[in-house]
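Student: I would like the atomic coordinates for the input below:
(one chain, ligands or ions: 1)
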Amino acid sequence: MLLTDRVRSFGAILVNMAHGARRARFSIAHELGHFLMERHDLSKDDGFRCTARDMREERDDTRHHKQEAEANHFAIALLAPVYKMLTCIDDDPDLRKLQMNSDELDLSLEATIRRYVDLTGEPVAAIWTKDGRIRTAKRHRDFPWIPRGRGDILSDLTQASRAIRNGKMGFTDAAESPAAAWTDRDGVEIYEQTRVGRDGHAVTLLWADLPDDDDANDGEPIEIGMPGFGRSRRRK
Ligand SMILES: [Zn+2]
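Tutor: Down below sits the predicted model:
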């Protein structure tokens, strides 16, 4: 929480250390964002009390959501500035590199991957699972739609599913994945890589090789289920 007043004549940040230093650093940066963005309305008479949900807010449909999303954007830009993410952004998608980047930034792997998905030009997506069920996901705007949601089980056909069942902690190598396991779009090749962590947690990074016509799409929203045409572009 941030104790302050409307005109920010003083400020004090109180942070819960129970979930580790990395999460605490993010919380401090988030509250600093509220403090510096003076137009943010206090959420309580004596300042801001932000929940775990607020710390993940990305929506802008209400004033509260928008303020929380802005504080999160401030925090991630402070903790993971673009120039410190370039080794990942300039290279092929790779969870091992993202793990190294996360350690360098002293930021959680999840926050690092989310930042990467926002910054990269590659059509990637990340899916976090617990015991093989989807917990949350984040996708680049160009990544083909995933017809799966929270609580869904990953397809047996995927390397991710096999790695999770196997339970051995660590990274898989990147491999081509059955595209139908992730998308209902035609003409898409998908590659996947998984990191299996503790207690049934895992993260899978996907990236898509889109049909040629998507290259000229220039980031316009793609209709779900729109068929692809033309031959696939090979990755380097
Ligand atoms: Zn907040």
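Student: Looks like Val188 contacts Leu206 (just checking).
Tutor: No: distance between Val188 and Leu206: 10.5 Å, which falls outside the contact criterion (Cβ atoms under 8 Å). All C-beta spots, glycine's among them, are computed from the backbone N, C-alpha and C.
Student: what about these two, which has more around it?
Tutor: Set side by side, Val188 and Leu206 show more neighbours around Leu206, with 29 against 20, by other Cβ atoms under 10 Å.
Student: For the more buried one, which non-adjacent residue is spatially closest?
Tutor: On the basis of Cβ to Cβ, 6 or more residues apart in numbering, the spatially nearest residue to Leu206 that is not a chain neighbour turns out to be Ala125, at 4.6 Å.
Student: Confirm that neighbour sits in a strand?
Tutor: Yes: counting by DSSP: H, G, I helix; E, B strand; the rest coil, Ala125 is found in a strand.
Student: I figured it hits Val117, correct?
Tutor: Yes: using Cβ under 8 Å, Ala125 is in contact with Val117, at 7.2 Å.
Student: Overlap of the contact sets of these two?
Tutor: In the contact map built from Cβ atoms under 8 Å, 6 or more residues apart in numbering, the residues linked to both Ala125 and Val117 are 138-140.
Student: Can you tell me which of these is nearest the ion?
Tutor: Of all the shared contacts of Ala125 and Val117, the one with the least separation from the ion (Cβ to the ion) is Lys138, at 19.5 Å.
Student: Tell me, how many residues neighbour the closest one?
Tutor: Counted by other Cβ under 10 Å, the residues lying close to Lys138 total 18.
Student: same question, Trp182
Tutor: Trp182, neighbours per other Cβ under 10 Å, totals 27.
Student: Please report how far it lies from the ion.
Tutor: In this structure, Trp182 lies at 33 Å from the ion, with Cβ to the ion, to the nearest Å as the measure.
Student: who are the neighbours in contact with that residue?
Tutor: Trp182 makes contact with 125, 144, 146, 148, 155, 158, 190, 192, 206, according to Cβ under 8 Å, 6+ apart.
Student: could you redo the last one with a cut-off of 6 Å?
Tutor: When the contact criterion is Cβ atoms under 6 Å, 6 or more residues apart in numbering, the partners of Trp182 are 146, 190, 206.
Student: Just the closest of these to the ion, please.
Tutor: Taking Cβ to the ion as the measure, the ion sits nearest to Ile146 out of those, at 28.6 Å.
Student: give me the low-pLDDT residue ranges for this protein?
Tutor: 213-236 (pLDDT under 70).
Student: who in it is up against the ion?
Tutor: Taking Cβ under 5 Å from the ion as the test, the list of the chain residues beside the ion reads 50, 54, 68, 71.
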